[in-house]
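Chemist: Dropping the sequence and predicted coords here.
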Amino acid sequence: MVRIRLMRLGSRHSPFYRVVVMNSKSAQKSRFIENLGYYNPTKKPQIVELKEDRVRHWLSVGAQPSDTARSLIRQQGILKRIHEDKVGKTPSADGAAAE
């Protein structure tokens, strides 16, 4: 199974993560299929950069995100936009347009 997960980089006490696509059976520091972005929790505010089009592609072909990767994807609003594209916007979201 293919997973979207974090790969830890950086030195001791200053972690830095890449959000990557890799085989679920692979070790954390092994080869990955594609780099989707990065996450730096040590900066204030935390830095999260993701390639939305590539995340959408991998989710559409069945890649399963880890819990932390899912949280980062949700934090960037990508899951919400995917859901809106599938379902369509609700009339209550347009408020004034419905009246």
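Modeler: Everything's here; your move.

Chemist: Ignoring the adjacent residues along the chain, who's closest to Pro65?
Modeler: Nearest residue to Pro65, sequence neighbours excluded (CB to CB, 6 or more residues apart in numbering): Ile4, at 4.2 Å. For glycine as for every other residue, the C-beta is placed from the backbone atoms N, C-alpha and C.

Chemist: Toward the C-terminus, what is the element adjacent to the helix or strand the one you found falls within?
Modeler: Using DSSP states H and E, Ile4 sits within strand 2-11. Using DSSP H and E, the helix or strand that follows strand 2-11 towards the C-terminus is strand 14-23.

Chemist: and the helix or strand following that next one, how far from the chain's centre?
Modeler: On the C-terminal side of strand 14-23, the closest following helix or strand by DSSP H and E is strand 34-40. Centre-to-centre, strand 34-40 and its host chain are 8 Å apart (CA atoms, centre = their mean, to the nearest Å).
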